[in-house]
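Enquirer: Sequence plus predicted model, see below.
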Amino acid sequence: MFKNHPKGLIGAALSNMGERFGFYIMMAILSLFLLSKFGLDKTEATLIYSVFYALIYLLALAGGLIADKTKKYKGTILWGLILMTVGYLLIAIPTPTPVPNFTLYLTITCFGLFVIAFGNGLFKGNLQAVVGQMYDDPKYSDKRDTGFQIFYMFINIGALFAPLIAVGIRNWWVQFNGFEYNSDLPALSHQFLRGTITPEATQRFTELAATVSKTAPADLTAFANEYLNVFNTGFHYAFGVAIFAMLISLTIFITNKSKFPDPALKAAKEKAANTGQPTAVQMDPKEVRQRLYALFSVFAVVIFFWFSFHQNGVTLTFFANEYTDLSAISIDLGFTTIKGAEIFQFFNPFFVVFLTPVVIGLFGWLRARGKEPSTPKKIAIGMGIAATAFLLMSIGSQGLPDADTARAMGGLTDAQRVTPFLLIGTYFILTVAELFISPLGLSFVSKVAPPQYQGIMQGAWLGATALGNQLLIFGTIFYESLPLWATWLVFVTACLISMFTMLFMLKWLERVAK
């Protein structure tokens, strides 16, 4: 797979794989952790989630600027890894639930998330820029798209088992303390303690409390407090695994550091050869402007795709937790049960790893026949594919009660829930769309960006992702206020707008990218 590619690619891919493993442990459980730890409603939890997820990408602009100005890409990446490790430590330390001081503990959690986001900003875009610099060598330039697809596949190998491990650790701790996992109980416990629970939900809470305990609890208040504390301590331990993943990533990066390009050395050599400024910045100003206009046009379009795609961490996870039959997709390992809404986060990276060789082979087959679509056209096709995923969700959600009705009922029984294959199919289609957009978008940026703006333009790509993530809050608002089938149609519309806008600009983008 790495044959005929730069020798630094495998080191960069493995370093990113370890970091992504830790990151996706957190992203698989973050939104549900905020609900169960602090008793937030979905809109409040999504607000924190969306701001954090936006900062993950927005701060890549700062990271790109730092690396571009200092030319110390490797040092910037290294500090990013260190900061992320510290951030995971802050949220992994177990604290009591229900929280004795809501403001204090929520502030600590949000500060930990900010440290992770800032570290990620130093790391993510700059490592991608370094990979792009590897393909500036004419010997490798024609393999740029394939190289980024391989790099992207390793990201998802790191993400592949993260949700399963996170859920396994959480559920192991719940079982170790004499309970069983139930997706509805954290919300019902908070409602019971606050006195906001309906009579119908109270009856279900009483039944579930007896089901998950070895003996029926005599005091429901004591049960609610204990179950919440055990449940969320399991979440904290799951976050702790991310620390070990970061240390592995840090070790891999340091070991392979010498194989990565060093822009500072390149600039020094060019100056020593009396070339004045590095040749990388000697580009006609008009061409620079055209390239920047093209890049920012693509950035604006993909905002709507990321707004839709990253619903996997919020509305699609809420749907899995409240409307999907989780018993049909559980794995009993004896000492723990792999069961929970979070495990659906496994399928996206699984499909990325499985489908990446297929997509690479398809594009290679088309290239050999002179029929390979341009990178901008691939991105447009991907947006159309994403629209079909949410159309499937809309069809599959017909007849389900809205969020308020389900909450008043105390949740749905397994018989009232939909098959997990609805979400699995949706993730399959979204993954195909992602492979047409995300790795190829990175390739497009590294190819079109003026050399002196490589780092900051990779950061700007991530900045567009950040804006899409900041819009996630509207997805949850729709989820809470509209019929489910109508909520998914909002994302169908967003993806189609992106596709047609991209097609409208296609010839211009293809011309600039030549």
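Expert: Now that the structure is in, tell me what you want to look at.
Enquirer: how near is the residue lying closest to P450 once chain neighbours are set aside to A449?
Expert: Among residues not flanking P450 along the chain, V288 sits closest, at 4.8 Å (Cβ to Cβ, 6 or more residues apart in numbering). To be clear about C-beta, it is placed using only N, CA and C from the backbone, and glycine gets the same treatment. Separation of V288 from A449 (Cβ to Cβ, to the nearest Å) stands at 10 Å.
Enquirer: repeat for L250
Expert: For L250 relative to A449 (Cβ to Cβ), the value is 28 Å.
Enquirer: Number of residues surrounding M502?
Expert: Per other Cβ atoms under 10 Å, the neighbour tally for M502 reads 25.
Enquirer: what does the one helix or strand it maps to contact?
Expert: Element membership for M502 (DSSP states H and E) is helix 484-504. With contacts defined as Cβ atoms under 8 Å, 6 or more residues apart in numbering, helix 484-504 is touched by 298, 301-302, 304-305, 307-308, 311, 315, 319, 323, 376-377, 379-381, 383-384, 386-387, 390-391, 393-395, 397-398, 400, 402, 433, 475, 478-479, 482, 509.
Enquirer: Does N256 touch L9 like I think?
Expert: No. Counting by Cβ atoms under 8 Å, N256 sits too far from L9 to count as a contact (10.0 Å).
Enquirer: Tell me the spacing between I437 and A380.
Expert: For I437, the distance to A380 - Cβ to Cβ - is 9 Å.
Enquirer: Spit out the contact partners of V115.
Expert: Per Cβ under 8 Å, 6+ apart, neighbours of V115: L83, M84, V86, G87, L90.
Enquirer: Make a ChimeraX selection of the buried ones in the residues you listed.
Expert: Filtering those down to the buried ones (16 or more other Cβ atoms under 10 Å) takes a single ChimeraX command:
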select :83,84,87,90
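Enquirer: Of the contacts of V115, which belong to strands?
Expert: Among the contacts of V115, none falls in strands (DSSP state E).
Enquirer: Now, the contacts of V115 that are in helices?
Expert: Within those, residues falling in helices by DSSP state H are L83, M84, V86, G87, L90.
Enquirer: a markdown table please, covering the residues you listed and showing distance to P261 and pLDDT.
Expert: Formatted as a markdown table, the ones in helices among the contacts of V115 follow (distance: Cβ to Cβ, whole Å; pLDDT from 0 to 100):
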| residue | distance to P261 | pLDDT |
| --- | --- | --- |
| L83 | 23 | 95 |
| M84 | 23 | 94 |
| V86 | 28 | 95 |
| G87 | 28 | 95 |
| L90 | 33 | 95 |
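Enquirer: Pick the one among the residues you listed closest to K514.
Expert: M84 (38.0 Å; Cβ to Cβ).
Enquirer: A12 against F260, yeah?
Expert: Yes. Using Cβ under 8 Å as the test, A12 is close enough to F260 to be in contact (6.7 Å).
Enquirer: if I look at those two, which residues touch both of them?
Expert: Joint contacts of A12 and F260 (Cβ under 8 Å, 6+ apart) are V130, M134.
Enquirer: residue boundaries of the strands in the protein?
Expert: So, for the chain - with DSSP E - the strands run 331-332, 337-338.
Enquirer: how about those strands in CSV, adding mean pLDDT, mean neighbour count and distance to F21?
Expert: Below are those laid out as CSV (pLDDT from 0 to 100; neighbours: other Cβ atoms under 10 Å; distance: least, Cβ to Cβ, whole Å):
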stretch, mean pLDDT, mean neighbour count, distance to F21
strand 331-332, 88, 10, 20
strand 337-338, 90, 19, 17
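Enquirer: Could I get the buried residue list for the top helix by length along the chain?
Expert: Ranked by number of residues, the top helix in the chain under DSSP H is helix 220-256. In terms of neighbour count (16+ other Cβ under 10 Å), helix 220-256 has its buried residues at 220, 223-243, 245-246, 248-250, 252-253, 256.
Enquirer: Count the neighbours of the nearest residue to L471 once chain neighbours are set aside for me.
Expert: Of all residues not flanking L471 in the chain, F307 sits nearest, at 4.3 Å (Cβ to Cβ, 6+ apart). Neighbourhood size, F307 [other Cβ under 10 Å]: 24.
Enquirer: now P96
Expert: Neighbour number of P96 under other Cβ under 10 Å is 13.
Enquirer: Look up how far I29 lies from it.
Expert: For P96, the distance to I29 - Cβ to Cβ - is 19 Å.
Enquirer: quick one on the thing from earlier: among the contacts of helix 484-504, which are in helices?
Expert: Those of the contacts of helix 484-504 lying in helices (DSSP H): 298, 301-302, 304-305, 307-308, 315, 319, 323, 376-377, 379-381, 383-384, 386-387, 390-391, 393-395, 433, 475, 478-479, 509.
Enquirer: Just the buried residues of the residues you listed.
Expert: By 16+ other Cβ under 10 Å, the ones in helices among the contacts of helix 484-504 give 298, 301-302, 304-305, 307-308, 315, 319, 323, 376-377, 379-381, 383-384, 386-387, 390-391, 393-394, 433, 475, 478-479, 509 as buried.
Enquirer: any idea how far stretch 232-245 is from the chain center?
Expert: Per Cα atoms, centre = their mean, to the nearest Å, the displacement of stretch 232-245 from the mean C-alpha position of its chain is 17 Å.
Enquirer: For this protein, which element, helix or strand, carries the lowest mean pLDDT?
Expert: Across the helices and strands of the chain, mean pLDDT, DSSP states H and E gives its lowest value to helix 263-272, namely a mean of 57.
Enquirer: roughly how far is the helix holding M502 from the heart of the chain?
Expert: 20 Å.
Enquirer: relative to helix 375-396, how tilted is that helix?
Expert: 170 degrees (axes from the mean of the first three to the mean of the last three Cα atoms, to 10 degrees).
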